[in-house]
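# A predicted structure for the sequence below; I have some questions about it.
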Amino acid sequence: MQLNSTIEKFYLDILNYAGVEIEDNIFVNSNKKLGEISIEGKGLALPYFEILKHPEGKLVFHILNENYTSPESAAFNFYKKRLVLELNLKLSSLIVSLITISSDPQLQRKIKSSKLLDIVTNIGETDPSQIEALLNLVKASKKVNEEAFLFDIFLKKNGEINDVPYSAIGKINFLAYSELQKSIENKDSEFRVFGHKLRKKDLLTLSTIFQVIFPGINDKIAYSEGTDNKIFRYLSALLKTSYLISSRMNEVANLLLDLNETSLNITEIVSNLDWTSNMEKLCDMGNEIRLIPNQTDVSMSSNRLKVDESKSTQQQPPVYQTPQQPVQQQPMQQQMQQPMMQQPVQPPRQLTPEEIIRSNMHNPAMSPMMMQPMMMQPMMMQAPQPMLPTWAQQEIMAKNQAQNMQQPMMQPMMQPMMQPMLQQPMQQNVYMDPNLMAQQQMMNQMHMNNQMHPHNQHQAMHNQSSLQVNPMFVGRATGPWG
């Protein structure tokens, strides 16, 4: 069947340990009364090559290849429940056998082992009616604990036992025994266990039998086991923890075999522990185990991503963005435009002749040629400037032209500075005064004409010099500002 012999033998042994057999490559219960074995309608099979090649609705059972983050696969959970059920059934049979021996003097006479004699003596006197009390306890516990009606195996990743860390730990929880103890200690109760009423005598007898079979049952750590297995740590923790129960039950069952009493059905109590011989070998077979593919989980309904995609059928109109305006500048422009929308634009005010001459004489740096770079900036950042009359603008321009002729070295410095600004396109959504824009265009055009035709500079100065005398303030040149 093309499966490693050690792996195959180990699987067959642990399946028998859990009360499972194989028929036609499919798992079946050794006790046919328990029904068929399936997970979501699929049968289980060992990872033989033929099964892997043609599953045909079968689930591959390969729990040695364990998912480190999610070890509790569907196959593993099935095996754990089946093993817990099988060991609980065996423990129930063992308790019934001990009650039978303790209540039958003829069977007690056949006892030759001192160990068995100590067990029967510690149990004390019993009666056959207590077997029915045990069965009623089991029925009541099944409604609450299902297959773990007497005890359960608890598993945990990264736990500690006696302050020693392990990658996984297992612990036996004696559920039925704990309920018996609570009922005994509660003197005001009606001696109920899992809702079923029992006699106080029954409670004491059953509690004593648990203590005799499992010494140190009251110790919370005595029936705990840890593992550092890196390949199949959960399976290792499960098997090693269950061994604490099964090995002790086998020990007591072997003592009962000396009575040679078929009515006790001792063979049903003994567990197959052959799997223990291959545990150490499997720890060195990580490569062989990983080469065999594994179906980690059959149930995928809970792992599907739930997304409401109904809105995807409604097509939304495309949104286009203006490429000329970077996204990071929009908030600034909106903040800059908002005050402009709220405050009315004040019209430019005509300057008086006194203000024109005083500003030109006291602050020559604020000439139109020097203000040109500042005028190219967005006007919303500046307060509205008074508009100069045409004759004043021409007068100031002529004076600047004369200064430029005297300082020829400044013209090459101004030309590189003005040329990029003349070529730079105006930004959108920026407010500029129409009068200032017209003045700027006129000065730029005149400056370009002067550069293209140097021989006309003298004529332009002559034409502009005639505008320097304004009839409005002839005779006032000797004023306080003169």
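Perfect, thanks for sending it.
# could you pull out the helices for the stretch 51-200 of the chain?
Counting by DSSP state H, counting those that start in this stretch, the stretch 51-200 of the chain has these helices, from start to end: 74-102, 105-109, 114-123, 129-145, 175-185, 200-213.
# same question for the shortest one, mean pLDDT?
Just to be clear, that refers to helix 105-109. The average pLDDT for helix 105-109 rounds to 91.
# So which bits of that helix are buried?
Within helix 105-109, the residues that qualify as buried are residue 107, counting by 16 or more other Cβ atoms under 10 Å. C-beta here means a position set from N, CA and C on the backbone, and glycine is covered the same way.
# which residues are in contact with it?
Identification of contacts with helix 105-109 by Cβ atoms under 8 Å, 6 or more residues apart in numbering yields 100, 101, 102, 120, 259, 261.
# hang on, the earlier thing: tell me which of the helices of the stretch 51-200 of the chain is the most buried.
Sort those by mean neighbour count, taking mean count of other Cβ atoms under 10 Å, and helix 74-102 sits at the top with a mean of 21.
# what inclination does it have with respect to helix 129-145?
With axes from the mean of the first three to the mean of the last three Cα atoms, to 10 degrees defining the directions, helix 74-102 sits at 160 degrees from helix 129-145.
# 22 is where my numbering starts, stick with that
Noted, 22 is the first residue going forward, which turns the last one into helix 95-123.
# now for helix 95-123, which elements pack on it?
Counting by 3 or more Cβ pairs under 8 Å, 6 or more residues apart in numbering; DSSP states H and E, the packing neighbours recorded for helix 95-123 are helix 26-38, strand 79-81, helix 126-130, helix 135-144, helix 150-166, strand 173-182, helix 221-234, helix 254-277.
# Could you pull up the mean pLDDT of that helix?
Average pLDDT, helix 95-123: 96.
# the inter-axis angle of it versus helix 135-144?
Using the same axes, to 10 degrees: helix 95-123 against helix 135-144 is 80 degrees.
# Let's see stretch 295-315 as PDB, backbone CA atoms only.
Extracted C-alpha coordinates of stretch 295-315, given in PDB (Å, rounded to 0.1, in the frame of the first residue of the first chain):
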ATOM      1  CA  ASP A 295       1.600  -1.400  21.700                       C
ATOM      2  CA  TRP A 296       1.700   2.100  20.200                       C
ATOM      3  CA  THR A 297       4.200   3.100  23.000                       C
ATOM      4  CA  SER A 298       7.000   1.100  21.400                       C
ATOM      5  CA  ASN A 299       7.000   3.400  18.300                       C
ATOM      6  CA  MET A 300       6.600   6.800  19.900                       C
ATOM      7  CA  GLU A 301      10.400   7.300  20.200                       C
ATOM      8  CA  LYS A 302      11.000   6.100  16.700                       C
ATOM      9  CA  LEU A 303       8.500   8.600  15.200                       C
ATOM     10  CA  CYS A 304      10.400  11.500  16.900                       C
ATOM     11  CA  ASP A 305      13.200  10.800  14.400                       C
ATOM     12  CA  MET A 306      10.900  10.500  11.300                       C
ATOM     13  CA  GLY A 307       9.900  14.100  10.800                       C
ATOM     14  CA  ASN A 308      10.900  14.100   7.100                       C
ATOM     15  CA  GLU A 309       8.900  10.900   6.400                       C
ATOM     16  CA  ILE A 310       5.900  12.300   8.200                       C
ATOM     17  CA  ARG A 311       5.900  15.700   6.400                       C
ATOM     18  CA  LEU A 312       6.200  14.100   3.000                       C
ATOM     19  CA  ILE A 313       2.700  12.600   3.400                       C
ATOM     20  CA  PRO A 314       0.100  15.300   2.600                       C
ATOM     21  CA  ASN A 315      -2.600  16.000   5.100                       C
END
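# Mind listing what's buried along that stretch?
Under the neighbour-count criterion of 16+ other Cβ under 10 Å, stretch 295-315 has 296, 297, 299, 300, 303, 306, 310, 313, 315 buried.
# cool, stretch 162-180 as well?
In stretch 162-180, counting by 16+ other Cβ under 10 Å, buried: 162, 166, 168, 169, 170, 171, 172, 173, 174, 176, 180.
# List of residues touching that stretch?
92, 101-106, 108-109, 112-113, 159, 186-198, 200, 214-216, 247, 254-255, 258-259, 262-263, 266.
# and which of the buried residues of stretch 162-180 is nearest to residue 43?
residue 168 (21.3 Å; Cβ to Cβ).
# pretty sure residue 121 contacts residue 149?
Yes: using Cβ atoms under 8 Å, residue 121 is in contact with residue 149, at 7.4 Å.
# rewinding a little: between which two of the buried residues of stretch 162-180 is the distance greatest?
Farthest pair in the buried residues of stretch 162-180, by Cβ to Cβ: 162 and 180, 26.1 Å.
# Could you report the separation of residue 315 from residue 98?
14 Å (Cβ to Cβ, to the nearest Å).
# quick one on the thing from earlier: and the contacts of helix 126-130, which is closest to residue 54?
Distance to residue 54, by Cβ to Cβ, is smallest for residue 121 among the contacts of helix 126-130, at 22.0 Å.
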